[in-house]
Structures are given as C-alpha cells and as structure tokens.
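# Build the 3D model from these lines:
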Amino acid sequence: MKTPLYQMHVKLNGNIVDFAGFELPVDYGSILEEHKCVRERVGLFDVSHMGELTVKGKDAESALNAIVTNDIRGMYDGQVRYSLLPNEKGGAVDDILIYHKNAEDFLIVVNASNTAKDAKWFETHLPSGDYKFENISDKVAQIAIQGPMGEAVLKKIIADEFIPKKYYSFIDNVDFGGINSLVSRTGYTGEDGFEIYVKNADAETAYEMMLNAGKEFNIMPCGLGARDTLRLEAAMPLYGHELGEDIPVAEVGLDFAIKLGKENFVGKEAILNCKKEYVRVGAFALKGIVREHSDVYVGDEKVGTVTSGTFAPTLKKAVCMLRIKADAVDKNLEADVRGRRVALFVTPLPFYKRAK
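Numbering: from 1, shown residues only. Just a heads-up that it's a prediction; the model follows:
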C-alpha cells in the first residue's frame, strides 16, 4: 500500500522499502544526518501508515476503559494518554494512544502492522453499550514534525493559540494554513514535537507547507531508519520487539500505564498474577553492535534475548534493550553475535533524555 505522501517521497528521492505492507522511505540519503537533524533542529516524518480508530457515544468512555490497562476516566478534553491493549493472558495486543476529544468521543491511534487485528479486537472485546466503533484509518493522514525547532516551524503556519502547550495534549479543528487538522504534541523520537492529522487529500499540501516553513531551520524529510534510532535512544518500546502477544505487559517497565486499582478490565487477573520473571533493561555493547534476536548469556546459561539494538548516533555508542531474567540483571551479561560473545553493560533507561 501507498500512503497519501508516496509521490512526495519519490520526488524527494526517498529510498522506498516495504514496512508493515506500506511503501515508505527508510531514508533520503543518510540515516545519521536525519537522526542528527531531529536531535538538533527539526525533521519531518510520514506516519500515515499508523491506524486510527474511533469510539463515540454515551458509553464510549466506560466501554473503552474496560479493555485498556490505563484509566481513561477523568481525562480532560484535549488530553492524550498512552495505554496498552492487553489480551486475556496479560500480553499486549498492541500499545496505543488514546485521544480524549470529550467524554463521548475518543480517537485511538494504533500501530500500522496491527490496525486490522486491533480493529477486530475492539469489535469483539468492547462491552455492549450505547456507542459506535469505527476504523477510519483509510481516511486519515498523519505527519510528524519532531525536534527542538518544531514549534517555531508551526508558528509560521498556525496561530500560537492553536499550538498545544502540554506534552501529550492536542487541539482539534485547527486551521492549518487553510486545512482542517488535529494538532497533537506527541511523538516517537524522544524530542519535543507534534503530530498533525489531516484528510488524505490534504496531506501533500500540509507536508509541503512544513517543508517550506522549516527551510530557515534546515528541516529535513526523515525516514524509518532515523525513526528507529531515535526511538531506541529514547528507550521507547516497539511492538514486535519489546512488546508482543506472548510478552507479559507487567514485565516491560510500563507500570505507569497499567492501573490495577481500577475495576476489572481484560487481562487484569493475568497481570496481577504475573510472576515478573523477566525484565526489560538497557545495555551498552562496547565491542560491536548487537542486534535484535541475539541471545543473551550469563556463562553458559541463556538468560534472555536482545529485543532492539543499534548504534546510537547521539551517544556514539552501541545500545540495546534486553528481555532477560530478573535475577540476571547484576551478573556478567554477554550477547551471542554470530558465534562471538560481546560483553553487555546494563545502564538505566532511557539512554537519551532531552534537556527540558
């Protein structure tokens, strides 16, 4: 499939690859330059492959609250909340963002590869009530502008009053240079930034407006490669790597998004009973880059696996996230990289945290 911005990527000489069934740019020439651009200035990403679902109606809040780990009651209009979508055994169907437009109107953003699965999960697991569920993914384009200069770029297009001031907040029905949009202060890079939601037909116009407005800041179009190195430095979990159907959500260090004090929800009992035998930790590899799926050992005992790993351009170090046995954290860890053992040194997450 192609996003509404596909022709733009071709025009900008993007290196197109298949990602979750979509034809998207992995880079436009240099992952390192794009990564650096986002950390120091501002970068532009096509994230239109992400899925969008809506739950609307009198019982929308209670129905949605019954199938997510976080508690969405009491959210203010214009608030975004991260949550996990758990299955009955306590694993993750997905991790999602919940947009509270009002108590009867929610937008849910899901991972691209999971859109069809998630939509079916909502249809079969939302309790009965007075609400309407809809998958609107095919109607919505999403563009992320990320980096310290992102707000300055937006101020050249929209009025300051329509720029969300709080992280994880949004403003709907914003006049974005003549285009109706939803502007959200969110992102997946570890930097300050925004995500702009528009109709498919308006995507190219909105993208070009940001490219032109960002010229004085040397804005760059950025691809999937930089998106992954940026999120890994910020230790943001990626579905299919740190999260999955068979990985207990209680073991991935996202307790802030799991509210066990609320009434029963899908998977609550399994999460409560989880023995937490494994943990997610970060590590530096001093001699070589350690990639995902590498086994992790203490001596001859396999104690886990690498879930994500790369060279971190900002830190100029090889970093990785591990899923390992809880009792192995303080031991001498090594990753098996094609038959060669590489020493790992556990370090607190995130690897990188932006200055506020």
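# In the stretch 201-350 of the chain, what residue spans correspond to strands?
220-222, 278-285, 295-298, 301-312, 317-325, 333-337, 340-347 (DSSP state E, counting those that start in this stretch).
# List the contacts of residue 319.
Residues in contact with residue 319 (C-beta atoms under 8 Å, 6 or more residues apart in numbering) are 232, 233, 282, 283, 284, 285, 309, 310, 311, 312, 351. Any C-beta I mention is one placed from the backbone N, CA and C, and that applies to glycine too.
# do the same with residue 207
With C-beta under 8 Å, 6+ apart, residue 207 has these contacts: 5, 8, 44, 46, 143.
# Between those, which sits nearest residue 189?
Within those, proximity to residue 189 (C-beta to C-beta) peaks at residue 44, which comes in at 11.6 Å.
# What helices and strands are in contact with the host helix or strand of that closest one?
Assigned by DSSP states H and E, residue 44 falls within strand 43-46. Counting contacts by 3 or more C-beta pairs under 8 Å, 6 or more residues apart in numbering; DSSP states H and E, strand 43-46 packs against strand 140-146, helix 203-213, strand 220-222.
# what's the closest of these to residue 104?
So among those, strand 140-146 is nearest, using C-beta to C-beta, at 19.8 Å.
# Show me which parts of the helix or strand just after the closest one are buried, residue by residue.
Next along the chain after strand 140-146, taking DSSP H and E as the criterion, comes helix 150-154. The neighbour-count check on helix 150-154 (16 or more other C-beta atoms under 10 Å) flags 150, 151, 153, 154 as buried.
# still on that earlier bit, hey, which of the helices and strands packed on strand 43-46 is tucked in deepest?
strand 220-222 (a mean of 26; mean count of other C-beta atoms under 10 Å).
# How much space separates the residue of the chain positioned farthest from its centre from residue 336?
Going by C-alpha atoms, centre = their mean, the residue of the chain most distant from its centre is residue 300, 35.1 Å out. As judged by C-beta to C-beta, to the nearest Å, residue 300 and residue 336 stand 11 Å apart.
# Tell me the secondary structure at residue 94.
strand (DSSP: H, G, I helix; E, B strand; the rest coil).
# Tell me, how many residues neighbour it?
If you count neighbours by other C-beta atoms under 10 Å, residue 94 ends up with 24.
# Next: residue 214.
25.
# ok, it touching residue 149?
Yes. Proximity of residue 214 to residue 149 meets the contact threshold set by C-beta atoms under 8 Å, at 7.2 Å.
# Could you tell me how far stretch 137-153 lies from the centre of the chain?
Relative to the centre of its chain, stretch 137-153 is centred 13 Å away, using C-alpha atoms, centre = their mean, to the nearest Å.
# Could you measure from residue 145 over to residue 192?
10 Å.
# how about the most centrally placed residue in the chain, what does it touch?
Of all residues in the chain, the one closest to the mean position by C-alpha atoms, centre = their mean is residue 188, 4.8 Å from it. Residue 188 makes contact with 47, 144, 227, 230, 231, 236, according to C-beta under 8 Å, 6+ apart.
# Setting aside sequence neighbours, what's the nearest residue to residue 157?
residue 177 (5.0 Å; C-beta to C-beta, 6 or more residues apart in numbering).
# Around the one you found, count how many other residues there are.
16.
# can you offset everything so residue one is 43?
With 43 as the first residue, the last one maps to residue 219.
# Which pLDDT value belongs to it?
Residue 219 carries a pLDDT score of 97 in this model.
# Am I right that it is in contact with residue 196?
No. With contacts counted by C-beta under 8 Å, residue 219 stays clear of residue 196, the gap being 10.3 Å.
# how about stretch 209-229: buried residues?
Quick answer for stretch 209-229 (16+ other C-beta under 10 Å): 211-214, 216, 218-219, 221, 223-229.
# follow-up on the earlier one: now the common contact residues for residue 256 and residue 191.
In contact with both residue 256 and residue 191: residue 84, using C-beta under 8 Å, 6+ apart.
# ok, how many other residues are close to residue 322?
For residue 322, using other C-beta under 10 Å, the count is 20.
# same deal with residue 63?
12.
# just checking, residue 144 touches residue 120?
No. Using C-beta under 8 Å, residue 144 is not in contact with residue 120, being 9.2 Å away.
# picking that back up, tell me how far the residue farthest from the centre of the chain lies from residue 291.
In terms of C-beta to C-beta, residue 342 sits 31 Å off from residue 291.
# same thing with residue 206?
Relative to residue 291, and taking C-beta to C-beta, residue 206 is found at 28 Å.
# Which of those two has more residues huddled nearby?
residue 291 (26 against 20).
# Tell me the pLDDT of the residue nearest to the centre of the chain.
98.
# and what of the one 3 residues further on?
Per-residue pLDDT puts residue 233 at 98.
# Assign it to helix, strand or coil.
Applying three-state DSSP: residue 233 is coil.
# what about this protein, any weak spots by pLDDT?
Under the criterion pLDDT under 70, no range of the chain is flagged.
# all strands of the stretch 93-242 of the chain, in order?
Going by DSSP E, counting those that start in this stretch, the stretch 93-242 of the chain shows strands at 93-98, 121-128, 134-144, 147-152, 174-177, 182-188, 212-218, 221-226, 235-241.
# Can you lay out the ones you listed as CSV showing distance to residue 389?
Converted to CSV, the strands of the stretch 93-242 of the chain look like this (distance: least, C-beta to C-beta, whole Å):
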stretch, distance to residue 389
strand 93-98, 33
strand 121-128, 23
strand 134-144, 23
strand 147-152, 30
strand 174-177, 40
strand 182-188, 24
strand 212-218, 33
strand 221-226, 31
strand 235-241, 25
